[in-house]
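**Q** 3D, please:
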Amino acid sequence: MNNNKPLDAVHFGMGTEMAHRAYGENAAKALKAVEEEAKRLERLLSRFTPESDVGRINAGAGGKPVTVGVETLKILELAADVSAISRGCFDVTIAPLADLWDYKNAVSPPEAGRIRGVLPLVGYRDIVFDKAEKTAGLKREGQSMDLGGIAKGYASDRFMEIFSEYGVVSAFSNIGGNVSTLGSKPDGSAWRIGIRHPRAEDLIGVVETCEEAVVTSGDYERYFTDAAGKRYHHILNPKTGYPAESGLISVTVVAKSAMLADALSTAVFVAGLELGAAILSNYKQAEAVLIDEKLRVYVTRALKNRFESASGIALKYI
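**A** Next comes the predicted model:
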């Protein structure tokens with residue numbers, strides 16, 4: 001087999017389309033294993049699956065913590081860390097609010113009173129987990145968690161591990177816009193990952209990367225428009241209960257860990273430019289491209305030689 005010839009696979013999982021490309025003699029087996037891993041992780045982490053770890057945590061909210069797997073604990077540990085450092089801008093206990101907004105079916109925002117009623121159920125400090133006992137839970141009845149802002153990142157990291165286990169040295173996965181790369185391209189060049197222009201049907205820039213994840217959170221990904229023409233995007237501020245209005249409309253994080261990049265992209269989006277830059281400063285292994293509502297592009301300095309902006313767009317460095 002020609003090791004420079006790619007094999008592609010596309011499947012649906014964790015609520016989104018997953019696309020992969022792998023090179024090497026074991027590429028076909030690796031792609032099959034990745035698809036099976038996606039199914040396993042959905043069974044483990046989906047809050048819509050009653051017997052999953054998350055489903056059982058949510059069902060037992062307010063009661064005794066339940067036994068969960070080490071992977072779930074690993075995800076919760078990072079989620080708690082990002083929540084604390086971001087001052088609650090990232091919070092996996094946001095599920096009651098997400099249910100209230102119901103973006104798949106909504107045509108208007110929930111009533112303010114309903115948002116106020118649900119908001120007290122959101123609070124990352126109410127997550128309890130014990131790594132030694134392998135248990136996790138929520139302190140108050142009615143609380144629930146949704147790992148959608150971090151689990152896809154974990155899945156991406158696992159996919160890269162599986163590719164490596166099969167001897168694949170060049171591959172990438174795209175999970176609903178979250179891109180992870182393994183190695184470089186077969187010719188030795190870096191992968192070039194486009195960042196979508198948040199207000200146009202083209203790219204605002206390209207990041208060159210190897211062995212990293214590139215994860216974007218933007219206000220253009222999922223939204224609805226009400227009868228008055230007001231647009232409501234899906235990234236909720238856990239503190240207000242409404243779509244985040246931080247001044248940022250797109251945040252792309254580049255990091256070795258897709259799980260970290262996934263959580264940070266949401267945290268920084270909700271936090272805004274100033275607090276977002278402070279959050280990123282706590283994670284030396286993460287870089288970012290931030291775009292504000294005036295389409296100004298801010299890039300962390302370590303990406304200076306790896307981010308190529310579209311023609312005519314000036315960059316500011318943070």
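
**Q** checking the closest residue in space to Phe90 that isn't next to it in sequence next. Helix, strand or coil?
**A** Leaving out its chain neighbours, the residue that sits closest to Phe90 by C-beta to C-beta, 6 or more residues apart in numbering is Ala267, at 3.8 Å. The way it works is simple: take the backbone N, C-alpha and C, and place the C-beta from them, glycine included. Classification of Ala267 using DSSP: H, G, I helix; E, B strand; the rest coil returns helix.

**Q** give me the pLDDT value at Ala267.
**A** At Ala267, the model reports a pLDDT of 98.

**Q** tell me the contacts of it?
**A** Shown in contact with Ala267 (C-beta atoms under 8 Å, 6 or more residues apart in numbering): Val82, Ser83, Ile85, Ser86, Cys89, Phe90, Gly276, Ile279.

**Q** work out for me the element the last one sits within.
**A** Here Ile279, judged by DSSP states H and E, is contained in helix 273-280.

**Q** now do that helix: distance to the chain's middle.
**A** For helix 273-280, the separation from the chain centroid amounts to 17 Å (computed by C-alpha atoms, centre = their mean, to the nearest Å).

**Q** confirm Pro96 sits in a helix?
**A** Yes - assessed by three-state DSSP, Pro96 belongs to a helix.

**Q** just to revisit the earlier point, who wins for most neighbours among the contacts of Ala267?
**A** The most crowded member of the contacts of Ala267, judged by other C-beta atoms under 10 Å, is Phe90 (29 neighbours).

**Q** would you agree it is in contact with Ser265?
**A** No - Phe90 lies out of contact with Ser265 (C-beta atoms under 8 Å); the separation is 9.4 Å.

**Q** ok so, going back, out of the contacts of Ala267, which sit inside helices?
**A** Mapping the contacts of Ala267 onto helices (DSSP state H) picks out Val82, Ser83, Ile85, Gly276, Ile279.

**Q** for the fourth one, give me its contacts.
**A** For Gly276, the contact set (C-beta under 8 Å, 6+ apart) comprises Ser246, Leu248, Val251, Ala267, Val268, Phe269, Ala288, Leu290.

**Q** those into JSON lines, with extra columns for distance to Ala38?
**A** What follows is these, written out as JSON lines (distance: C-beta to C-beta, whole Å):
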{"residue": "Ser246", "distance to Ala38": "32"}
{"residue": "Leu248", "distance to Ala38": "30"}
{"residue": "Val251", "distance to Ala38": "25"}
{"residue": "Ala267", "distance to Ala38": "25"}
{"residue": "Val268", "distance to Ala38": "26"}
{"residue": "Phe269", "distance to Ala38": "25"}
{"residue": "Ala288", "distance to Ala38": "27"}
{"residue": "Leu290", "distance to Ala38": "30"}
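
**Q** what about the most centrally placed residue in the chain, which SS state?
**A** The residue lying closest to the centre of the chain (C-alpha atoms, centre = their mean) is Asp262, at 3.0 Å. Here Asp262 is helix, with the state taken from three-state DSSP.

**Q** show me the shaky parts of the protein.
**A** Along the chain, segments meeting pLDDT under 70 span 1-3.

**Q** could you pick out the longest helix of it?
**A** helix 27-45.

**Q** now the helices for the stretch 151-300 of the chain?
**A** 151-165, 258-271, 273-280 (DSSP state H, counting those that start in this stretch).

**Q** highest average neighbour count across the ones you listed?
**A** helix 258-271 (a mean of 29; mean count of other C-beta atoms under 10 Å).

**Q** helix 273-280 and that one, what's the angle between them?
**A** 160 degrees (axes from the mean of the first three to the mean of the last three C-alpha atoms, to 10 degrees).

**Q** check contacts around Gly142.
**A** Ala61, Gly62, Pro96, Leu121.

**Q** now, the most widely separated pair of these?
**A** Pairwise distances among the contacts of Gly142 were taken by C-beta to C-beta; the largest, 13.1 Å, belongs to Gly62 and Pro96.

**Q** got the CA positions of stretch 298-315 in PDB?
**A** What follows is stretch 298-315 as a C-alpha-only set of coordinates in PDB (Å, rounded to 0.1, in the frame of the first residue of the first chain):
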ATOM      1  CA  TYR A 298      -6.000  39.300  18.400                       C
ATOM      2  CA  VAL A 299      -3.200  36.600  18.400                       C
ATOM      3  CA  THR A 300      -1.100  35.300  21.200                       C
ATOM      4  CA  ARG A 301       2.600  36.100  20.500                       C
ATOM      5  CA  ALA A 302       3.700  32.400  20.200                       C
ATOM      6  CA  LEU A 303       1.500  32.100  17.200                       C
ATOM      7  CA  LYS A 304       3.000  35.000  15.400                       C
ATOM      8  CA  ASN A 305       4.900  32.900  12.900                       C
ATOM      9  CA  ARG A 306       2.200  30.200  12.500                       C
ATOM     10  CA  PHE A 307      -0.900  32.300  11.900                       C
ATOM     11  CA  GLU A 308      -1.500  33.700   8.500                       C
ATOM     12  CA  SER A 309      -4.300  36.300   8.300                       C
ATOM     13  CA  ALA A 310      -6.500  36.900   5.300                       C
ATOM     14  CA  SER A 311      -5.400  39.700   3.000                       C
ATOM     15  CA  GLY A 312      -5.800  43.200   4.500                       C
ATOM     16  CA  ILE A 313      -6.500  42.100   8.100                       C
ATOM     17  CA  ALA A 314      -4.200  43.700  10.700                       C
ATOM     18  CA  LEU A 315      -3.300  41.600  13.700                       C
END
